[in-house]
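J.: what's the 3D shape of this:
(one chain, ligands or ions: 1)
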Amino acid sequence: MKYTVNDCELLEFDKHSSSKGSLSVVQHQKDIPFDIKRVYYLYDVPGGASRGAHAHKELWQLMIAASGSFRVTLDDGKQKRSFFLNRPYQGLLVKPGIWRDLDEFSSGACCFVLASEDYDEEDYIRNYKEFIIYRKHDND
Ligand code: TYD
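T.: Sure thing, here's the model as predicted:
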């Protein structure tokens, strides 16, 4: 069985706030159900641009709006679910096999991503028709 959009969720992390500001913690296996192998971040996204437009076969990810805001639309081939990320103490858990589109980036937005695997272009499905075929083979 492959994961559906209903298996993806917005997680809330500890927030340590004082008069000097806030700090949030994301610890592997405690706060998120995978070990973190890679971190990358998207920034300087021009207004109106969209990112993503792909799925991963094996990769687990957590997306955080480290600053600013953006929308993430998840798609399992049958159902879509949109999340508006705008709080640095929240993260969207995206499980393997889910198509994602990111758009509506505010100015100064930073999408910080924690990932379970190294970068591997072979893990990507970048063609939506191929994604739909991939989703139909439920036991792959
Ligand atoms: P991509 O994953 O397509 O970005 P997005 O989903 O945000 O639109 O990656 C964009 C480019 O960056 C692509 O040429 C691959 C490269 N890249 C790496 O080299 N290493 C990485 O860890 C990632 C995530 C991307």
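
J.: bridging residues for the residue most central in space within the chain?
T.: Nearest to the geometric centre of the chain sits Met63, at 4.0 Å (C-alpha atoms, centre = their mean). Judged by DSSP bridges, the bridge partners of Met63 are Leu92, Val113.

J.: please read off the pLDDT at it from the model.
T.: pLDDT for Met63: 98.

J.: and it, what does it touch?
T.: By C-beta atoms under 8 Å, 6 or more residues apart in numbering, the contact list for Met63 reads Val72, Leu85, Gly91, Leu92, Val94, Cys111, Phe112, Val113. Every residue, glycine included, has its C-beta placed from N, CA and C.

J.: one more time with 6 Å
T.: Counting by C-beta atoms under 6 Å, 6 or more residues apart in numbering, Met63 touches Leu92, Cys111, Val113.

J.: keep only those residues that also lie close to the ligand.
T.: With C-beta under 6 Å from any ligand atom as the criterion, the contacts of Met63 include none near the ligand.

J.: make TSV from those and add pLDDT and neighbour count to it.
T.: Output for the contacts of Met63, formatted as TSV (pLDDT from 0 to 100; neighbours: other C-beta atoms under 10 Å):
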residue	pLDDT	neighbour count
Leu92	98	21
Cys111	98	24
Val113	98	18
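
J.: nearest to Pro33 among those?
T.: Nearest to Pro33, judged by C-beta to C-beta, of the contacts of Met63 is Leu92 at 13.4 Å.

J.: please verify my assumption that the closest one contacts Phe83.
T.: Yes: if you go by C-beta atoms under 6 Å, Leu92 and Phe83 touch, sitting 5.3 Å apart.
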